[in-house]
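Visitor: Predicted coordinates and the sequence they were generated for:
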Amino acid sequence: MAKANLFYAQSGGVTAVINASACGVIETARQHKAEIGKVYAGRNGIIGALTEELIDTSKETAATVAALRHTPAGAFGSCRYKLKSLEDNRAEYQRLMDVFRAHNIRYFLYNGGGDSQDTANKVSMLSQKEGFPITCIGIPKTVDNDLPVTDNCPGFGSVAKYVAVSIREAGLDVASMCESSTKVFVMEVMGRHAGWIAGAAGLAAEKEGDAPHIIIFPEIAFNKAAFMRKVKACVKRHGYCAVVVSEGAHYKDGKFLADAGGTDAFGHTQLGGVAPFLANLIKQELGYKYHWAVADYLQRSARHIASATDVEQAYAMGKAAVDFALAGKNAVMPTIVRKPGKSYRWTVGEASLAEVANVEKPMPRDYITRDGFGITQKARDYFSPLIRGEDYPPFKNGLPDYARLKNVLVTKKLPIWKAP
């Protein structure tokens, strides 16, 4: 009887360390050749399974796979594609089952956020009913850090390090010019409903007067009058004001400051431009000269300044996913468990996919200062170890030398799939 094959896919917005999880999966699977046959990766995530575009990772050398650990973005391609419910579109799930059967795939490892864990959970349940049981393991990933149960999410530590470094450096820049030039700098970071990334930027402010002076969180409704008072007082006291704002900042009625109209592939409101919005608001109300920046993809792809803790944890989650699958666990996700004590220590735990699917974890209120514009010591204690350590990629000719994969596709066995 042929050995069971493993299917791995990357989903949603990529990170600086998602490929470290892929490296953990492939390297660990290669150590278990008696139990696992081929390791296939979906070309462009779950879409690769639907279109039967399966990448044969055995065509990659050990050195190339190892290089994934220090390579950002999604090496096999990711996607924003949410499978509908089983009731609404069983055809998509049936197609997945057909592809898995055709290629003897018995292990499905899905590297993504809450929507991805929901998909893996549904595939697990359907496969049991179909009489072709598939072991489904989720691998946590999201820069937003909003998955429940796990202490933190791979991808977050590196983006947290990037935004803290960026606002510190930009703050020094503005401080040096504020007497005769720019007085306000606004930096927009990711975070639709949870302000973890914006909060982490607060680590840069180690003493009174350090940037950022103001943080705008999705967890705190935006109050224009209070914000303007804070900006004015900051400029008067320090000569300038550095602001970090989450893209999901909103008014009391729930409307986003940067609601661009329309929705994305997951049905989420399309956001855009909260930094220029705030900067212009400040100009209109207070007359200060300003500059603004949107970290956007730069924050999540900055592997050159990744957190060593984040890289280690991302790899560990990939490894644990394979270990879980071979141990007979199903419909679960490895998690990061922070151990108690003054020094930072962590271990691998687990959560059921049902607990994780489609659940968002916001920042606790006690991580945010009473005035709603900063972070508390409790937040600092949480964030600080996650950005520690440097894990620089190798450089060649002055630039990072990242992995370049062959991404060889296996021969298709089924008719071409057409979306319902």
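Guide: That came through, no problem. Residues are numbered from 1 along each chain as shown.
Visitor: and Gly138, what helix or strand is that in?
Guide: strand 135-140 (DSSP states H and E).
Visitor: gap between that strand and the chain center?
Guide: For strand 135-140, the gap between its own C-alpha mean and the chain's C-alpha mean amounts to 16 Å (Cα atoms, centre = their mean, to the nearest Å).
Visitor: Next secondary structure after that strand?
Guide: Beyond strand 135-140 in the direction of the C-terminus, DSSP H and E gives the next helix or strand as helix 156-177.
Visitor: Sheet-wise, list the partners of the very next helix or strand once past that next one with their directions.
Guide: Going down the chain from helix 156-177, the next helix or strand is strand 184-189, by DSSP H and E. For strand 184-189, sheet partners with direction are given as strand 241-246 (parallel), strand 290-294 (parallel), following DSSP bridges.
Visitor: what does the longest one rub up against?
Guide: Spelled out, that is strand 241-246. Contact partners of strand 241-246, identified using Cβ atoms under 8 Å, 6 or more residues apart in numbering, comprise 163, 167, 170-171, 174, 183-191, 195, 197-198, 201-202, 211-218, 231, 234-235, 274-275, 278, 288. Glycine gets a C-beta too; all of them are placed from N, C-alpha and C.
Visitor: relative to helix 156-177, how tilted is the strand holding Gly138?
Guide: Between the axes of strand 135-140 and helix 156-177, defined by axes from the mean of the first three to the mean of the last three Cα atoms, to 10 degrees, the angle is 10 degrees.
Visitor: got the contact list for Tyr40?
Guide: By Cβ under 8 Å, 6+ apart, the neighbours of Tyr40 are 5-8, 54-57, 103, 105, 410.
Visitor: that older thread, out of the strands paired with strand 184-189, nearest to Ala62?
Guide: Checking those against Ala62 by Cβ to Cβ gives strand 290-294 as the closest, at 38.8 Å.
Visitor: Contacts for the next helix or strand after that closest one next, please.
Guide: Later in the chain than strand 290-294, the nearest helix or strand by DSSP H and E is helix 296-301. Identification of contacts with helix 296-301 by Cβ under 8 Å, 6+ apart yields 13-16, 72-73, 143, 155, 159, 162-163, 166, 188-190, 197.
Visitor: same thing but at 10 Å, please
Guide: With Cβ atoms under 10 Å, 6 or more residues apart in numbering as the test, helix 296-301 has contacts from 13-18, 72-73, 142-144, 155-156, 158-163, 166, 187-190, 197, 201, 247, 275.
Visitor: among the residues you listed, which ones are buried?
Guide: Taking 16 or more other Cβ atoms under 10 Å as the criterion, what is buried in these is 13-18, 72-73, 142-144, 155-156, 158-163, 166, 187-190, 197, 201, 247, 275.
Visitor: Tyr227 touches Ala221, doesn't it?
Guide: If you look again at residue 227, you'll see it is Phe, not Tyr. No - using Cβ atoms under 10 Å, Phe227 makes no contact with Ala221, being 11.0 Å away.
Visitor: For the two, work out which one has more neighbours and name it.
Guide: Between Phe227 and Ala221, Phe227 has the larger neighbour count (other Cβ atoms under 10 Å), namely 21 against 13.
Visitor: distance of that one from Gly254?
Guide: Per Cβ to Cβ, to the nearest Å, Phe227 is found 18 Å from Gly254.
Visitor: quick one: the strands in the stretch 301-420 of the chain?
Guide: Assigned by DSSP state E, counting those that start in this stretch, the stretch 301-420 of the chain shows strands spanning 332-338, 346-352, 395-396, 399-400.
Visitor: Need the winner for burial among those strands.
Guide: Per-stretch averages of neighbours, counted by mean count of other Cβ atoms under 10 Å, single out strand 332-338 among the strands of the stretch 301-420 of the chain, with a mean of 23.
Visitor: what's the angle from that strand to strand 135-140?
Guide: Strand 332-338 runs at 30 degrees relative to strand 135-140, counting by the same axes, to 10 degrees.
Visitor: Can we start the residue count at 802 from this point?
Guide: Noted, 802 is the first residue going forward, which turns the last one into strand 1133-1139.
Visitor: Any stretches of the stretch 802-951 of the chain with poor pLDDT?
Guide: By pLDDT under 70, the weakly predicted segments of the stretch 802-951 of the chain are 802, 887, 889.
Visitor: Leaving out sequence neighbours, find the closest residue to Ile819.
Guide: Lys942 (5.3 Å; Cβ to Cβ, 6 or more residues apart in numbering).
Visitor: Quick check, that neighbour in contact with Ala1115.
Guide: Yes - applying Cβ under 10 Å, one finds Lys942 in contact with Ala1115, separated by 7.7 Å.
Visitor: wait, what's in contact with the residue nearest to the spatial centre of the chain?
Guide: Residue closest to the mean C-alpha point of the chain, counted by Cα atoms, centre = their mean, is Thr943 at 2.1 Å. Residues in contact with Thr943, defined by Cβ under 10 Å, 6+ apart, are 812-814, 816, 819, 913-917, 951, 953-957, 960, 991, 995, 997, 1101, 1161.
Visitor: thinking again about what came up before, export the strands paired with strand 985-990 to TSV and tack on mean pLDDT, distance to Glu893 and mean neighbour count?
Guide: Output for the strands paired with strand 985-990, formatted as TSV (pLDDT from 0 to 100; distance: least, Cβ to Cβ, whole Å; neighbours: other Cβ atoms under 10 Å):
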stretch	mean pLDDT	distance to Glu893	mean neighbour count
strand 1042-1047	98	33	30
strand 1091-1095	97	34	19
